[in-house]
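> Take a look and give me a structure for this.
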Amino acid sequence: MPTCVSSPCSDTAIENSTCLLERYIPLDPTEIGRLTASHSYSEPKLADTLEKAYLYGEEDIVKTPDGYISVAGGIIYACDTDGCNHPKIADRLPYALETHIPDNILDQYLDGVSNYQCWDCAKCVNDTVGIDNMSGCTKQYCLTNACSLVVSRNTNNPTCPYTMRSKCYDLGYPPIHVNMTLVYYYNSDKKVIYTMDVICHKDNCNDYSTYKALENALSVNPDLACLDIGESTLATAMTAGTGTTRTPGTGTTATAGTGTTRTPGTGTTTSGTKKISHYTNMWLITSIFAPILWIRIRD
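Residues are numbered from 1 along each chain as shown. Take a look at the predicted model:
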């Protein structure tokens, strides 16, 4: 069982669990960043993930006078081999999920003519809800021309997988933005939105059709070149000046320094229930991560 050689942490094994490594860089500059190694049970919102290998992150697409920019916050790396969440590999995580929604879609659904009117609604969203179905909702006149739309995923609730809340945004006049948390399954190239918080400046723009249009147009493209860390490369990753990088999709590894190579998908497994060894601890990161915000000027 691997041990932590440089940080005050513990090494534990829990049946049917997944390793998590979180690098939290808050979007709110008053918050303090942190680095956390843990088991998946510590994150109830991720209790029903479809696969054990994924990235979970938060990103914000904001409209500025110069166009749309993307701002990324924390990211959680989930993996399923012994010791794969060692804090030494934190610098190998992608800085962002690199979400993208085309500018023309954002402008079409979020910006336009406003007579201070928004939908007011709270309803369950599932596969039976049509894209134009706002039954049970009313239109409301607001103090500003900003409308709010929040769609949240409900864990382990097949009858109501998502909840939608539409209303006026009367707490000032924020810019147009789309804030999202989502899971990206990097082995199968699938994404699942967990929350989408939208501010739009257009009459009745906070309806279900807006959410579906943004969801359908959303793409995710994180930099995974350095993410392939398994049992056979962990010792190398813990050694300064060594390590490996991988070209996604090739199944091969290019050596950096004196690192070793690994064929993705290999590793030690046992039949039946599997125990995965995890590193468990949390560090408050004040001098390194807290001041960092990943900001990308969109093309």
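> Would you map the strands across the stretch 151-299 of the chain?
For the stretch 151-299 of the chain, the strands defined by DSSP state E, counting those that start in this stretch occupy 162-168, 177-185, 190-200, 219-220, 243-246, 253-256, 275-285, 294-297.
> Mean pLDDT lowest where, among those strands?
Averaged per stretch, pLDDT over the strands of the stretch 151-299 of the chain is lowest on strand 253-256, reaching a mean of 31.
> Settle this for me: residue 33 is touching residue 73, isn't it.
No - between residue 33 and residue 73 there is no contact under Cβ atoms under 8 Å: 9.5 Å. C-beta coordinates here come from the backbone N, C-alpha and C atoms, glycine included.
> what do those two both touch?
The overlap between the contact sets of residue 33 and residue 73 (Cβ atoms under 8 Å, 6 or more residues apart in numbering) consists of 24-26.
> for this structure, what helix or strand is lowest in average pLDDT?
strand 253-256 (a mean of 31; mean pLDDT, DSSP states H and E).
> confidence score at the closest residue to residue 146 other than its chain neighbours?
Of all residues not flanking residue 146 in the chain, residue 169 sits nearest, at 4.1 Å (Cβ to Cβ, 6 or more residues apart in numbering). The model reports residue 169 with a pLDDT of 91.
> where does residue 169 sit relative to residue 198, distance-wise?
Distance of residue 169 to residue 198, given as Cβ to Cβ, to the nearest Å: 10 Å.
> which residues sit in contact with the nearest residue to residue 115 once chain neighbours are set aside?
Leaving aside its sequence neighbours, residue 115 sits nearest to residue 203 (Cβ to Cβ, 6+ apart; 5.6 Å). For residue 203, the contact set (Cβ under 8 Å, 6+ apart) comprises 112-115, 117-118.
> Mark which of these are buried, thanks.
Neighbour-count burial (16 or more other Cβ atoms under 10 Å) is assigned, among the contacts of residue 203, to 114, 117-118.
> Out of those, flag the one nearest to residue 47.
residue 118 (33.3 Å; Cβ to Cβ).
> what kind of secondary structure is that closest one in?
Secondary structure state of residue 118, per DSSP: H, G, I helix; E, B strand; the rest coil, is strand.
> Check what pLDDT it gets.
Listed pLDDT for residue 118 reads 95.
> Looking at strand pairing, list the partners for the nearest residue to it once chain neighbours are set aside.
Distance criterion Cβ to Cβ, 6+ apart; nearest residue to residue 118, sequence neighbours excluded, is residue 147 at 3.7 Å. As for beta bridges, residue 147 partners with residue 168, residue 200 under DSSP bridges.
> ok now do residue 147, which residues does it touch?
Counting by Cβ under 8 Å, 6+ apart, residue 147 makes contact with 118-119, 166-169, 199-202, 204-206.
> from what I can see residue 140 touches residue 169, true?
No - the pair residue 140 and residue 169 does not pass the contact test of Cβ under 8 Å, sitting 11.3 Å apart.
> What residues of stretch 49-66 count as buried?
49, 52-63.
> With pLDDT, secondary structure and distance to residue 80 added, can I get those residues in TSV?
Conversion of these to TSV gives the following (pLDDT from 0 to 100; DSSP: H, G, I helix; E, B strand; the rest coil; distance: Cβ to Cβ, whole Å):
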residue	pLDDT	secondary structure	distance to residue 80
49	90	coil	11
52	90	coil	4
53	91	coil	6
54	94	strand	10
55	95	strand	14
56	95	strand	15
57	93	strand	19
58	92	strand	23
59	92	strand	25
60	93	strand	29
61	95	strand	31
62	95	strand	35
63	95	strand	39
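> More neighbours: which of residue 140 and residue 169?
When residue 140 and residue 169 are compared for neighbours, residue 169 comes out ahead with 21 against 16, by other Cβ atoms under 10 Å.
> Quickly note the distance from that one to residue 99.
22 Å.
> got the residue ranges for the helices in the chain?
Using DSSP state H, the helices assigned to the chain run over residues 103-110, 208-217, 231-237.
> measure the residue nearest to residue 24 when sequence neighbours are not counted to residue 181 for me?
What sits nearest to residue 24 in space, not counting adjacent residues and going by Cβ to Cβ, 6+ apart, is residue 74, at 3.7 Å. Per Cβ to Cβ, residue 74 is found 9 Å from residue 181.
> where do the contact lists of those two overlap?
Residues touching both residue 74 and residue 181 (Cβ under 8 Å, 6+ apart) are 57-58.
> give me the number of residues near the residue nearest to residue 100 when sequence neighbours are not counted?
Spatial nearest neighbour of residue 100, excluding adjacent residues (Cβ to Cβ, 6+ apart): residue 219 at 4.9 Å. Counted with other Cβ under 10 Å, residues neighbouring residue 219 total 11.
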